[in-house]
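Colleague: Below is the sequence, then the predicted model.
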Amino acid sequence: MFNFKNNNPTMARPKKITTELRTEFQNVRLNEEEKAKILKKAKAMGMSVSRYLRETGLSSDDTRLPKIRHQLIYEIRKIGVNHNQIAHYLNIVMAGGGAMDNKELLEEFKKIFNLLSNALTELKSNK
């Protein structure tokens, strides 16, 4: 390329390697709501829709998703059970006017924290 203002040659953008060229097209049918969600997510990530769909579609390990989802539901249910146990315990103590056993309560909160921590670790390791 040549810069006509000061007669100096300038560098053009380097040519892409043949394997990097995107020559294939894929049409996808969406309803209006699906399209809006994809556009919103792509914009939030600062990407074009094409790039967003490429990166999300090619980066996930779809074979592990059902297992991760099942494990996450299981962990959340365990957390819910612990939460209900604490609420039940507190209701009994409050109704009876007795003193709470802080050690037992602390142990229940530690269990909840550990369950949440394990679920988060599992999610992070399955990215």
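Modeller: Everything's here; your move.
Colleague: Helix, strand or coil: sort out Q26 for me.
Modeller: What DSSP: H, G, I helix; E, B strand; the rest coil gives for Q26 is coil.
Colleague: L53 versus that one, what's the distance?
Modeller: Q26 sits 9 Å away from L53, going by C-beta to C-beta, to the nearest Å. (Each C-beta comes from the backbone N, C-alpha and C, glycine too.)
Colleague: Which one of these two is surrounded by more residues?
Modeller: The neighbour count for Q26 versus L53, taken as other C-beta atoms under 10 Å, is higher for L53 (16 against 8).
Colleague: what element comes up after the one helix or strand L90 maps to heading to the C-terminus?
Modeller: Per DSSP states H and E: L90 is located in helix 65-96. Counting by DSSP H and E, the next helix or strand C-terminal to helix 65-96 is helix 102-125.
Colleague: tell me which residues in stretch 14-28 are buried?
Modeller: Using 16 or more other C-beta atoms under 10 Å as the test for burial, stretch 14-28 gives no buried residues.
Colleague: Apologies, that question was intended for stretch 42-62.
Modeller: Applying 16+ other C-beta under 10 Å to stretch 42-62 flags 42, 52-53 as buried.
Colleague: Any chance of the residues you listed in JSON lines with pLDDT as columns?
Modeller: Formatted as JSON lines, the buried residues of stretch 42-62 follow (pLDDT from 0 to 100):
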{"residue": "A42", "pLDDT": "88"}
{"residue": "Y52", "pLDDT": "85"}
{"residue": "L53", "pLDDT": "88"}
